[in-house]
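Asks: Sequence first, then the predicted structure:
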Amino acid sequence: MKYKFGFFPYTPLDYKAAQDYLDHKAAQGWVLRRLLLGYLAQFEPAQGRRHFVDVCSYAGFGANYDYIQLCADAGWELIPPTDLYDMVIFRSKLGVDPQPIQSDPSFEWKEFFRKQVLHRLIYAGLYFLLLSLPGLITGDFFNWAELSALPGFRLLMLCVILTATACPWQLFHIVSYLLQCRRLGKMAPQRWRPNFIRSTLNFCFALVLTVLLCASVIDAFSLL
């Protein structure tokens with residue numbers, strides 16, 4: 001069978017854009033077969049089939065079999081992997097006109113805000129607290145003069161600068177989209193192409209950041 005591959009950089013915050021991307025492929029006669037390594041989508045030729053993307057993380061880990069069975073009864077089949085960054089992806093069964101999985105837009109928005117936004121804010125707050133805890137307890141925060149003398153400091157500072165540059169851009173996108181959803185009282189639609197470009201840039205940034213961090217660690221250990 002002939003297959004086609006495509007890059008899939010989407011996260012749960014862009015799951016509507018992921019849905020639009022898969023619908024775009026379906027309109028061209030390609031249906032998602034599976035995701036490889038979380039970022040490479042494998043498509044197979046199919047006509048008249050549709051996709052549905054959800055962010056019910058509990059379904060992804062198989063904890064809620066009733067949800068999976070409900071989707072199957074409605075005409076949807078789950079696409080592996082089933083734990084893709086809290087996203088689950090379905091495709092319509094062959095020869096079946098499936099029923100909508102999400103029929104209440106306001107409920108979908110509330111669930112998204114509770115499971116994705118609040119959880120991420122809590123995790124970010126805990127992460128910041130853990131980083132600050134030693135300084136808060138001892139009163140001894142970072143001494144930049146001492147840090148600058150450490151091996152690998154320049155590469156580490158480059159990582160900090162890149163992060164400080166990229167985070168506001170990502171935060172602006174997230175906040176503006178959430179405000180749009182709140183104004184509509186439901187999940188606002190997302191176009192696949194702008195989010196594809198932005199998500200790809202984020203992926204490249206994360207890749208470069210990982211390489212720089214590894215290089216700074218290797219540099220530090222090589223000079224010790």
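Replies: Yes, it's here. Numbering: from 1, shown residues only.
Asks: Tell me where this structure has strands.
Replies: Taking DSSP state E as the criterion, the chain carries its strands at 4-7, 30-36, 40-45, 51-54, 76-84, 87-92.
Asks: Give me the helix or strand of this structure that scores worst on average pLDDT.
Replies: helix 57-60 (a mean of 48; mean pLDDT, DSSP states H and E).
Asks: Low-confidence regions, this structure specifically.
Replies: 1, 56-64, 81-85, 103, 119-120, 122-160, 162-164, 166, 219-224 (pLDDT under 70).
Asks: in it, which spans are helices?
Replies: Using DSSP state H, the helices of the chain run over 15-27, 57-60, 65-73, 105-112, 119-138, 144-148, 153-184, 192-223.
Asks: circling back: most tightly packed of the strands of the chain?
Replies: Most buried of the strands of the chain, by mean neighbour count (mean count of other CB atoms under 10 Å): strand 87-92, with a mean of 24. For glycine as for every other residue, the C-beta is placed from the backbone atoms N, C-alpha and C.
Asks: In space, not sequence, find me the middle residue of this structure.
Replies: residue 11 (1.7 Å; CA atoms, centre = their mean).
Asks: from what I can see that one touches residue 199, true?
Replies: Yes. Using CB atoms under 8 Å, residue 11 is in contact with residue 199, at 6.8 Å.
Asks: Could you pull up the residues touching the nearest residue to residue 51 once chain neighbours are set aside?
Replies: Counting by CB to CB, 6 or more residues apart in numbering, residue 51 lies nearest to residue 22, which is 3.8 Å off, once chain neighbours are set aside. Residues near residue 22 by CB atoms under 8 Å, 6 or more residues apart in numbering: 32, 51, 53, 89.
Asks: ok, now with 7 Å
Replies: 32, 51, 53 (CB atoms under 7 Å, 6 or more residues apart in numbering).
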